[in-house]
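K.L.:
missing the sequence, but the structure's below:
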């Protein structure tokens with residue numbers, strides 16, 4: 001399982017040299033004077049692969065994202081009303097513990113999904129490719145594209161993911177007897193807060209790529225590493241994007257890196273299937289002219 005040194009161990013200077021300067025997204029890299037880099041940029045909106053991927057965003061995809069937001073918000077409101085109705089003062093501790101468990105679970109889930117979509121599959125896959133893998137490919141060669149996406153395009157897929165757990169909650173809270181709901185109240189708090197943190201994950205991810213116009217309160221949360229900080233996430237954007245996948249808070253990135261969690265998974269999958277990790281990602285990155 002020998003592999004190059006992970007970008008997680010790079011110095012700040014290494015990361016700056018090896019990643020797109022996101023505070024100046026219209027330049028490829030002011031640290032590079034190579035003619036090839038100037039004519040055919042490695043990153044950014046002028047990259048040919050990024051332009052092709054952006055054009056694959058379809059009207060049907062937009063409608064799916066809009067419907068996902070509408071249904072998810074309706075379920076959020078419904079579930080919150082039930083949780084308030086069944087709230088008891090002694091549940092405060094349960095809610096706090098559920099919040100902690102929910103945010104850690106969301107961080108790990110964001111990493112698992114991010115790793116899977118970054119590492120495996122192809123834009124050419126039916127349905128999944130253009131609709132769900134495409135944004136991950138675009139993001140690696142134009143990281144600032146997400147900052148130009150509106151709320152729907154940024155968050156639509158995350159809202160779609162939480163429809164199932166929130167719908168499960170709404171059904172149980174509507175039809176189960178009161179004593180059963182009270183016994184399961186801690187579980188419902190966890191599920192609700194986990195869903196909320198999942199729903200805001202890509203918004204947090206978007207903020208980690210914004211170097212202008214961020215509200216002060218968002219910067220405070222980033223600086224305190226309550227949510228994903230910009231400097232921390234930049235480690236993921238050093239090619240070949242093989243580490244630091246968790247993007248809700250990023251709390252789990254370092255421990256998962258220490259145990260080489262993603263490398264072990266990739267080794268097992270490659271050994272079983274023969275598929276090379278990030279092969280499709282490399283293909284799109286090479287479309288520079």
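P.N.:
Cool, got the structure. Please read all numbers here as calculations on a predicted model, not as lab measurements.

K.L.:
what ranges does the stretch 1-150 of the chain have for its strands?
P.N.:
Counting by DSSP state E, counting those that start in this stretch, the stretch 1-150 of the chain has no strands to list.

K.L.:
where in it is pLDDT low?
P.N.:
1-10, 12-14, 16-18, 20-40 (pLDDT under 70).

K.L.:
ok, residue 57 to residue 130 distance?
P.N.:
Note on residue 57: its distance to residue 130, by CB to CB, to the nearest Å, is 9 Å. To be clear about C-beta, it is placed using only N, CA and C from the backbone, and glycine gets the same treatment.

K.L.:
and the helices in the stretch 101-250 of the chain?
P.N.:
128, 134-141, 151-175, 178-183, 185-207, 216-223, 230-233 (DSSP state H, counting those that start in this stretch).

K.L.:
ok, the nearest residue to residue 108 once chain neighbours are set aside - contacts?
P.N.:
Spatial nearest neighbour of residue 108, chain neighbours left out: residue 252 (5.5 Å); criterion: CB to CB, 6 or more residues apart in numbering. By CB atoms under 8 Å, 6 or more residues apart in numbering, the contact list for residue 252 reads 104, 107-108, 111, 246.

K.L.:
let's see 10 Å
P.N.:
By CB atoms under 10 Å, 6 or more residues apart in numbering, residue 252 lies in contact with 104-105, 107-108, 110-111, 244-246, 261.

K.L.:
what subset of those residues is buried?
P.N.:
Among those, those classed as buried by 16 or more other CB atoms under 10 Å are 104-105, 107-108, 110-111, 244-246, 261.

K.L.:
right, and the pair among these with maximum separation?
P.N.:
Farthest-apart pair in the buried ones among the contacts of residue 252 is 105 and 244; separation 18.1 Å (CB to CB).

K.L.:
so how far is residue 114 from residue 254?
P.N.:
Counting by CB to CB, the gap from residue 254 to residue 114 is 16 Å.

K.L.:
give me the buried positions along stretch 148-161.
P.N.:
Within stretch 148-161, the residues that count as buried by 16+ other CB under 10 Å are 153-161.

K.L.:
scratch that, stretch 172-184
P.N.:
172-173, 181, 184.

K.L.:
and residue 231, how many neighbours does it have?
P.N.:
Residues within reach of residue 231, counting by other CB atoms under 10 Å, total 12.
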